[in-house]
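1. Structure of the sequence below:
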Amino acid sequence: MSRVIHRHWAGNPDAPSRRGRAPCDYDAYSPDLLAGRHFTFEGDVAADVADAETAIVRRNAQASALADTEALARLLLRAESVASSRIEGLEIGARRLLRAEAARELGEPTRDVTAAEVLGNIDAMSAAISEIGPGDPISADTLLAFHRRLLENTRQARYAGKLREKQNWIGGSEYNPCSAVFVPPTPELVPRLMEDLCVFCNAESLPAVAQAAIAHAQFETIHPFADGNGRTGRALIQLVLRRRGLATRILPPISLVLATWAKDYVDGLTATRYRGPATGKDAQAGLNLWVGRFAGACQRAVHDATLFEERVQQIQNEWRTPLGSVRANSAADLLIKSIAGAPVMTVGGAAALIGRSYPQTNAAIERLLSAGILTQVTVGRRNRAFEAPEIINAFSDLERQLASPDGDTRTSEPVRPVPPRRPTSTLGLHDKPK
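-> Presented below is the predicted three-dimensional model:
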C-alpha cells in the first residue's frame, strides 16, 4: 500500500531568511510497487491506448516517405530532446542549437550553457535508444548511464549517474520541503523502488503505451536523482516503447505534446499519487486519468510527426528541380536524402554522414549552394558550415504546431515559448489531429 512517511526537517542554516532556516515537519510519499500488480483500464481508456499503439506502429511501419528514414528519426529525436529540455526551462531555438552542434563537431567548446545542456540530452537519448531494442532489458544501469551522459558536461556534473542520497522535493522553497507541492520517497527507499520499476518495465503483460505511461509516472514519483529527473523520466517513455517493439525506427515527439499540455501533464502525474490501497477507487480513477491523457499525447505526437514528414518530403522533391539531373547514389543525391537529419553541417560531418570522400562531398555542397538549397554560415569562431533554411523552418513550424493546444496555431495560440510565425510559411501543419 502507498504510504506517507512523516519526517522532521532540522532546518537549513545556509538559507537567507528566517523562514528558510526554520525547522518543520513534512510528509514524503512512497508509492506502491509496480511489479506483479493488476491494472484495470476503463473502456474508453483501453480504446485510447489501443488507438495510440496502432498509430505508433503504423508510423514506424510506413516511415518510408523520406528517402532516408534515419534522417527523419534523427530530426525527431532532436525535437523530442529539445522539448523534454524545454519542460525543464531550457529554452533554445532550432538554429541556435544546430549551429552549436556543428561547432562542437569541429572541436570547439561551446560557451552556450543552454545549448550544451540540450546537446547532452540529445547525446544521452541517442546512446540510450541505440542500446535498447525490441526485447532488450531496461535496468537501473540503463537509466544511470542515461543520467550520466545527460549531466556529465553541465554545472550539475557532480550528480551525474548517481541515485540521490538526500531528500528532494518539488515546488515551494529551494531551502526546505516545508511548503513543497510534492515530496518524493525518502532516499533509503529509492534503490528498492528503482529495482521494482525496472522489473515492471521488462514485463509484457500490459499494452506498451499503458506500460510507458505508468513507468513514467512512477519514475517521476520516485524522483531518484538530485537533478535531471524529468528528462530521464521522459527518455524512459521512449525506451519502453522501443523495448516493446512499437517505436523501433521513429520516436514520436511525445514531450512536445506534454510540454503543451503542461497543466494536464502535471495533474495527470499527480492523480497517480493516491492514498490507500492500489485497488481503491481513487487509485483506479487516477491511473485511468493519467493513462488516457498519455495515450492522447501519443496520438497527437504521431499525427503531427506524420505531417512534418510529408512536408520534409515535399521540400526534398522541390530541391531536385533547380538541381536538374541528379545521379542516383551520387554525393548530391545522398545529401538531399540526409540533410533532414543534419540541417546544419560541415563538409567533414556531411562526408561522414553520406559515406563519401571530402572532395566529393565538398563538390556536392557547392552544387547545393548554387541551387539555393544550402546557405553558408559561420559557426564557432570562424568555421565554415552550411545550413538548409527550409528544413530548419519546417522544424520550427513543427514546434509551433505542437505548442498549440488545438493543433492549429491560427486559432489556438502556442502556450509556451516557440519560434515566431513565418509570414510565408507553407508548412501545412494546420490540420487538427483526428
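2. which parts of stretch 350-365 are buried?
-> 350, 351, 353, 354, 356, 360, 361, 362, 364, 365 (16 or more other Cβ atoms under 10 Å). Heads up, the C-betas are built off the backbone N, CA and C, glycines and all.
3. Equivalent analysis for stretch 155-170, please.
-> Buried residues in stretch 155-170 (16+ other Cβ under 10 Å): 159, 160, 161, 163, 164, 167, 168, 169.
4. how about the helices in the stretch 151-300 of the chain?
-> 190-201, 208-222, 229-243, 254-260, 262-271, 281-323 (DSSP state H, counting those that start in this stretch).
5. Rebuild these as JSON lines, extending it with distance to residue 396.
-> Formatted as JSON lines, the helices of the stretch 151-300 of the chain follow (distance: least, Cβ to Cβ, whole Å):
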{"stretch": "helix 190-201", "distance to residue 396": "34"}
{"stretch": "helix 208-222", "distance to residue 396": "27"}
{"stretch": "helix 229-243", "distance to residue 396": "21"}
{"stretch": "helix 254-260", "distance to residue 396": "12"}
{"stretch": "helix 262-271", "distance to residue 396": "20"}
{"stretch": "helix 281-323", "distance to residue 396": "11"}
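6. So which of these is the most surrounded?
-> Ranked by mean neighbour count, those are led by helix 254-260 with a mean of 28 (mean count of other Cβ atoms under 10 Å).
7. Dump that one to PDB, restricted to CA.
-> Extracted in PDB, the C-alpha atoms of helix 254-260 (Å, rounded to 0.1, in the frame of the first residue of the first chain):
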ATOM      1  CA  ILE A 254       5.600  12.900 -27.100                       C
ATOM      2  CA  SER A 255       7.500  15.500 -25.000                       C
ATOM      3  CA  LEU A 256       6.500  18.200 -27.400                       C
ATOM      4  CA  VAL A 257       2.800  17.500 -26.600                       C
ATOM      5  CA  LEU A 258       3.400  17.100 -22.900                       C
ATOM      6  CA  ALA A 259       5.100  20.500 -22.900                       C
ATOM      7  CA  THR A 260       2.000  22.000 -24.500                       C
END
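8. Quick one: mean pLDDT over that helix.
-> The average of the pLDDT scores along helix 254-260 is 82.
9. And stretch 148-163, by the same measure?
-> In this model, stretch 148-163 has a mean pLDDT of 91.
10. ok so, going back, tabulate the buried residues of stretch 155-170 (CSV), appending distance to residue 50.
-> Formatted as CSV, the buried residues of stretch 155-170 follow (distance: Cβ to Cβ, whole Å):
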residue, distance to residue 50
159, 39
160, 38
161, 37
163, 35
164, 37
167, 40
168, 36
169, 37
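11. Tell me which two in those are the farthest apart.
-> Farthest pair in these (Cβ to Cβ) is 161 and 169. Separation: 21.8 Å.
12. Tell me where the model's unsure across this structure.
-> Scanning the chain for pLDDT under 70 picks out 63-79, 81-91, 401-434.
13. Going by residue numbers, what spans are strands in it?
-> In the chain, the strands defined using DSSP state E lie at 3-9, 24-30, 344-345, 375-379, 383-387.
14. Format these as JSON lines; extra columns: distance to residue 220 and mean neighbour count.
-> Below are the strands of the chain laid out as JSON lines (distance: least, Cβ to Cβ, whole Å; neighbours: other Cβ atoms under 10 Å):
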{"stretch": "strand 3-9", "distance to residue 220": "17", "mean neighbour count": "12"}
{"stretch": "strand 24-30", "distance to residue 220": "12", "mean neighbour count": "16"}
{"stretch": "strand 344-345", "distance to residue 220": "33", "mean neighbour count": "26"}
{"stretch": "strand 375-379", "distance to residue 220": "36", "mean neighbour count": "15"}
{"stretch": "strand 383-387", "distance to residue 220": "36", "mean neighbour count": "20"}
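15. Residue 269: which of these is closest?
-> With Cβ to Cβ, the closest approach to residue 269 among these belongs to strand 24-30: 12.0 Å.
16. what packs against that closest one?
-> When contacts are defined as 3 or more Cβ pairs under 8 Å, 6 or more residues apart in numbering; DSSP states H and E, strand 24-30 packs onto strand 3-9.
17. wait, isn't residue 93 in contact with residue 396?
-> Yes. With contact defined as Cβ atoms under 8 Å, residue 93 reaches residue 396; the gap is 7.1 Å.
18. between the two, who's got more neighbours?
-> residue 396 (20 against 17; other Cβ atoms under 10 Å).
19. can you tell me how far the more buried one sits from residue 390?
-> Going from residue 396 to residue 390 by Cβ to Cβ, to the nearest Å gives 11 Å.
20. if you skip the residues just before and after it, what's nearest to residue 240?
-> Excluding the flanking residues, the one nearest residue 240 by Cβ to Cβ, 6 or more residues apart in numbering is residue 212, at 4.0 Å.
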